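A.B. asks: After the sequence you'll find the predicted model.
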Amino acid sequence: MTQQLAPADLAAATLRDVAESTERLLRTVVELTPEAVAEPSGLPGWTRGHVLAHIARNADSLVNLLETARTGVEIPQYASESAREEAIQQGAPRPPAEQLADLEASAERLAQAAAALSPEHWAVQLKHRLGYVFPAYEVPAKRLGELEYHHVDLLADYTPAHWPAGFAVDQFDLLAQKFSVPGLPAVALICDDIEHRAVIGDGPVTLTAEGPVRALAAWLSGRSDGDGLQVREDGGPLIDHTALPALPPMG
């Protein structure tokens, strides 16, 4: 029987991944020119500067949640949705050096906030800005997702193919479960590089999508339209990836 890790141990393991992911992001940002920061990102309506500002402010929002876990005094993740949006808009036009300094400083604040927690704090229940409740030990995983997904969104030569294997597998599992809901056409997902598969949607399974776990996670997360996946209907010959259903946002 696999022994379950304690909340503090789960957090510590993911924090190591967060540190490595942060370093990869910073190496990308160092290479950005002022012109590149102002160019469109992979997110509609956002430049690369918007993405960078969001990543920094997300770190500070998670500091608020960790402070809640440590002190027992509830601090909202963001003061308000309008304040969140305003901070991103204000931070977007900054030159690369300022973006980089902000990313470094906010990442350090988050690391220090995590280091200040005692083991029991990691089991505290926290309220996400969207209203749902989750344990503090999931904060590092949420940060890792922000880093890896938005690094791809920068459109700066970091793609889902660069995702760490563990992250890709975790996201495949998480999103496959999330999309196993009524109202979505059923699709069987088969990883061809690991022994992993899942079914999303409901009803009879007529479509099958096969490919590397990173490619499947990219499609599930909206970072790919499914191009490159091997798609079949009713076990027949390969068909175009556009036969895959549109997926709802990750949320």
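C.D. replies: Cool, the structure landed.

A.B. asks: Mind jotting down where the strands sit in the stretch 51-200 of the chain?
C.D. replies: 125-127, 133-135, 185-191, 197-200 (DSSP state E, counting those that start in this stretch).

A.B. asks: can I get those in a markdown table with mean neighbour count and distance to Gly145?
C.D. replies: (Each C-beta comes from the backbone N, C-alpha and C, glycine too.) Supplementary listing: those in a markdown table, determined by neighbours: other Cβ atoms under 10 Å; distance: least, Cβ to Cβ, whole Å:
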| stretch | mean neighbour count | distance to Gly145 |
| --- | --- | --- |
| strand 125-127 | 15 | 16 |
| strand 133-135 | 12 | 13 |
| strand 185-191 | 19 | 19 |
| strand 197-200 | 18 | 18 |
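
A.B. asks: Any idea which of those strands gets closest to Glu233?
C.D. replies: Of all the strands of the stretch 51-200 of the chain, the one in closest proximity to Glu233, counting by Cβ to Cβ, is strand 185-191 (10.3 Å).

A.B. asks: That closest one: how far from the chain's middle?
C.D. replies: Strand 185-191 sits 21 Å away from the centroid of its parent chain (Cα atoms, centre = their mean, to the nearest Å).

A.B. asks: What is the helix or strand where Ala218 lies packed up against?
C.D. replies: Element membership of Ala218 [criterion: DSSP states H and E] is helix 213-220. For helix 213-220, the contact count by 3 or more Cβ pairs under 8 Å, 6 or more residues apart in numbering; DSSP states H and E identifies helix 165-178, strand 185-191 as packing neighbours.

A.B. asks: Run through the neighbouring helices and strands of the shortest one.
C.D. replies: Strand 185-191 is packed against helix 165-178, strand 197-200, strand 202-211, helix 213-220, with contacts defined by 3+ Cβ pairs under 8 Å, 6+ apart.

A.B. asks: Out of these, which gets nearest to Cys191?
C.D. replies: With distances scored as Cβ to Cβ, the stretch of the helices and strands packed on strand 185-191 nearest to Cys191 is helix 213-220 (4.4 Å).

A.B. asks: contacts for the closest one?
C.D. replies: Residues from elsewhere that reach helix 213-220 (Cβ atoms under 8 Å, 6 or more residues apart in numbering): 152, 160-161, 163, 165, 168-169, 171-172, 175-176, 179, 189, 191, 193-194, 196, 200, 209, 224-226, 228-229, 244, 247.

A.B. asks: so what strands line up beside the following helix or strand past it?
C.D. replies: Stepping forward along the backbone from helix 213-220, the first helix or strand reached (DSSP H and E) is strand 230-233. Strand 230-233 has the following sheet partners, assigned by DSSP bridges: strand 202-211 (antiparallel), strand 238-239 (antiparallel).

A.B. asks: hey, which of those is tucked in deepest?
C.D. replies: Between these, strand 202-211 has the highest mean count of neighbours, a mean of 16, where neighbours are mean count of other Cβ atoms under 10 Å.
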